[in-house]
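K.L.:
model this:
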Amino acid sequence: MNVKLRDITKSLSLTVLSFFLVAGVLYSATTIGSNITTAGTLSVTDTSTLTGAVTTGAALTVGTTLTVTGNTTLANASSTVLTVSGASYLVGNTSFNGFATTTASTGAFATAGHSTLTTASTTALSVDNTLGVASSTLAAELGVVGDGHFGSAATTTLTLSSSRAVTGGCLELEGANGTMFKIYATTTGPLIATSGTCQ
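P.N.:
The predicted structure is shown next:
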């Protein structure tokens, strides 16, 4: 009877020891060679490293920084949208194969350096409202603070015209004393220079 009790005690001790050993290993690191299916929330309190693809059937929410060291591809579909509610900081170049649009009433597109348009024949800068160069307070559709230079390899042409009937172009100049002068052409040809404004 004592031998059997000693064997039971020994087996029980080994079982308890094995339980704590396995629990300790699982607590420190867990390796699963197959899929994980859970009907509830999967919570991870430490770093998670995923070496394969990650597919989410709904939104992916990150409460802190999301760092991506490789390429990030959004599916090429009309419903694909990348929405950022705060500021976005891009260290390298950013390429847009479509339109870069701001839709908010206070939306603005600002660059700290140069903005370059390619020299393709279809390249154009289209502005629906006003365009300012070194100015944010504009009195007309185009506002420039500073000097302007126009040049080309051929004859450089500056055209002032109007889409309204019987209305031609007009050039305004400000005198040293603040008086405004205008230069315009008559129907028959000679230029007229007089004081006043075009509009």
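
K.L.:
so what pLDDT did the nearest residue to Ala134 once chain neighbours are set aside get?
P.N.:
Of all residues not flanking Ala134 in the chain, Val145 sits nearest, at 4.2 Å (CB to CB, 6 or more residues apart in numbering). In this view, the C-beta of every residue, glycine as well, is placed from N, C-alpha and C. Per-residue confidence for Val145 comes out at a pLDDT of 87.

K.L.:
And for Leu191?
P.N.:
Turning to Leu191, the model gives it a pLDDT of 88.

K.L.:
ok, now Ser48?
P.N.:
pLDDT, Ser48: 77.

K.L.:
Kindly provide the distance from it to Ala58.
P.N.:
Spatial separation of Ser48 from Ala58 under the definition CB to CB, to the nearest Å is 18 Å.

K.L.:
Helices along this protein, start to end?
P.N.:
Counting by DSSP state H, residue ranges of the helices within the chain are 2-28.

K.L.:
in it, which segments are predicted with low confidence?
P.N.:
Low-confidence segments of the chain, defined by pLDDT under 70, span residues 1-33, 74-79, 102-110, 117-124.

K.L.:
And the strands in it?
P.N.:
Applying DSSP state E to the chain gives strands spanning 131-133, 142-144, 170-174, 180-185, 191-195.

K.L.:
between these, which gets nearest to Phe150?
P.N.:
Phe150 lies closest to strand 142-144 among the strands of the chain, at 11.8 Å (CB to CB).

K.L.:
Enumerate the positions of that closest one that are buried.
P.N.:
Along strand 142-144, no position meets the burial threshold by neighbour count (16 or more other CB atoms under 10 Å).

K.L.:
partners of it, with directions?
P.N.:
Partner strands for strand 142-144, per DSSP bridges, with pairing direction: strand 131-133 (parallel).

K.L.:
Number of residues surrounding Thr72?
P.N.:
Other residues within reach of Thr72 by the criterion other CB atoms under 10 Å amount to 7.

K.L.:
Contacts only, for it.
P.N.:
For Thr72, no residue meets the contact criterion (CB atoms under 8 Å, 6 or more residues apart in numbering).

K.L.:
Tell me the spacing between Ala185 and Thr157.
P.N.:
When CB to CB is applied, the distance between Ala185 and Thr157 equals 15 Å.
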